[in-house]
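> Quick one, what's the 3D model for this:
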Amino acid sequence: MTGIILLDEEAKTDDAIGTYPDQKTIEQRLESGFFLLDKGAGPTSHQVAAWVRDMLQLPRLGHGGTLDPFATGVLPLMAGKAMRLTKQILEHNKTYIAVFRFKNDVEQEALETVLKQLSGRIYNVPPEISAVRVQVRTRKIHDFSILDQSPKHVVARIRCEAGTYIRTMARDMGLLLDQPVELKELRREDSGRFNLDHCVELHEIADAIWLWKECNNGEALMRMLHPTEKLLTDLPRIVVKDSAVAALAHGAPLLRPGLVSIPDNLTSGQNVLVTSIKGEAVCFVKVNTDSESITKMERGEIARPSAVLMSDDVYPRRW
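Modelled structure (predicted):
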């Protein structure tokens, strides 16, 4: 477990500048925030993202983690600067509920043997009709278990590494059972720590946007449009003083005097989240030293931004 090294016990934040994440306005969340959509069957992930982007009249809104048109379930929609976090979202483990149909009856023992063969580290070649194009790679299947079964159907839960193609697993089941296997339904139950209980449907987002625009009532939209920081709560972080925030937002290096606290296990080359004292996501930085060395420093550069998340006009310039 990551510990924290406090470097400046007296550092305070000015409430007149910046905003605590849970107090951010709709406009601030549209600049950097996200929805958790329970995608319905039919449209592509790109299409639902485009619909929401058009409803909000935003220049930038995309999705984190592609679902094929027939698939349903958890689909993060990222607005503004939050789109820079798509890589982090794509790296999360996923859980799916899948319905497979067999051409012929399958015995319980044979099916359980196949599920064991398709668990652990496996090759996962993208199917021809997949919604994305990638190269052959291996993926870790953490769990592949039967929830319900009939002679020609099985309902299974699959906990897997990000980027796993469930259509490919259906094809491989068919090869191992020596018969065609069809993936009839697919539902993503969770993506990282977010699950279906956190999600809203597309019509709910549309209704909330209408209430906000036409009735000046943003209460519903505030409940479903989350600040970027909610995506990052489980990440270790470097906390910096107010005086360092603006420089980082402009892409300047992170210097030792600007630090409030650091994780106790930083290593050179590591990418780490930087937040303000209020908890605002400022940027990701690539660290050029380690925690022990930082505690012995009084000045000097410790990291450079790799992705800036905060607008450069939120905190005043101090140089």
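
> drop to CA atoms for contacts and neighbour counts, all remaining ones
OK.

> Break the protein down into its domains, please.
Domain assignment for the chain, taken from automatic domain parsing, gives 4-20+230-308, 94-191.

> Tell me how far L266 lies from K94.
27 Å (CA to CA, to the nearest Å).

> between these two, which one's more packed in?
K94 (25 against 22; other CA atoms under 10 Å).

> which phi and psi does the more buried one have?
phi -130, psi 150 (degrees, to the nearest 10).

> what are the bridge partners for it, then?
Using DSSP bridges, the beta-bridge partners of K94 come out as C160, S191.

> thought it was touching R193?
No. The criterion here is CA atoms under 8 Å, and K94 misses it with R193 at 9.2 Å.

> that older thread, any chance of JSON lines for the domains of the chain, columns mean pLDDT and distance to G42?
Output for the domains of the chain, formatted as JSON lines (pLDDT from 0 to 100; distance: least, CA to CA, whole Å):
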{"stretch": "domain 4-20+230-308", "mean pLDDT": "96", "distance to G42": "27"}
{"stretch": "domain 94-191", "mean pLDDT": "90", "distance to G42": "12"}
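
> Select, out of these, the one closest to A50.
domain 94-191 (15.9 Å; CA to CA).

> end-to-end on the closest one?
One end of domain 94-191 to the other measures 5 Å (CA to CA).

> centre of the chain versus that domain, how much separation?
What separates the centre of domain 94-191 from the centre of its chain is 23 Å, taken as CA atoms, centre = their mean, to the nearest Å.

> do the same with stretch 177-192
The gap between where stretch 177-192 is centred and where its chain is centred comes out at 22 Å by CA atoms, centre = their mean.

> Which parts of that stretch count as buried, going by neighbours?
Neighbour counts over stretch 177-192 (16 or more other CA atoms under 10 Å) mark 177, 180-183, 186-192 as buried.

> ditto for stretch 224-242
224-229, 231, 236-242.

> so which pair among those is furthest apart in space?
Maximum pairwise distance in the buried residues of stretch 224-242, criterion CA to CA, is 30.2 Å, between M224 and K241.

> Find the nearest non-adjacent residue to the residue nearest the centre of the chain, please.
Nearest to the mean C-alpha position of the chain, by CA atoms, centre = their mean, lies I89 at 2.4 Å. Closest residue to I89 apart from its sequence neighbours, by CA to CA, 6 or more residues apart in numbering: G64 at 5.9 Å.

> Going by distance to R53, which of the buried residues of stretch 224-242 wins?
The closest of the buried residues of stretch 224-242 to R53 turns out to be L225 (CA to CA; 12.9 Å).

> Bridged to the closest residue to that closest one other than its chain neighbours, which residues?
Distances taken as CA to CA, 6+ apart put F35 closest to L225, at 5.1 Å, once the chain neighbours are dropped. When bridges are called by DSSP bridges, F35 pairs up with L77.

> Need the pLDDT of F35.
Note on F35: pLDDT of 98.

> Who are the contact partners of it?
76-78, 199, 224-226 (CA atoms under 8 Å, 6 or more residues apart in numbering).

> run the last query once more with 7 Å
Neighbouring residues of F35 by CA atoms under 7 Å, 6 or more residues apart in numbering: 76-78, 224-226.

> what's the farthest-apart pair in those?
M78 and M224 (12.2 Å).

> Buried residues of the longest helix anywhere in the chain, list them for me.
Ordering each helix of the chain by length in residues (DSSP state H) puts helix 202-215 first. If you call a residue buried by 16+ other CA under 10 Å, then helix 202-215 has these buried ones: 202, 205-206, 208-212.
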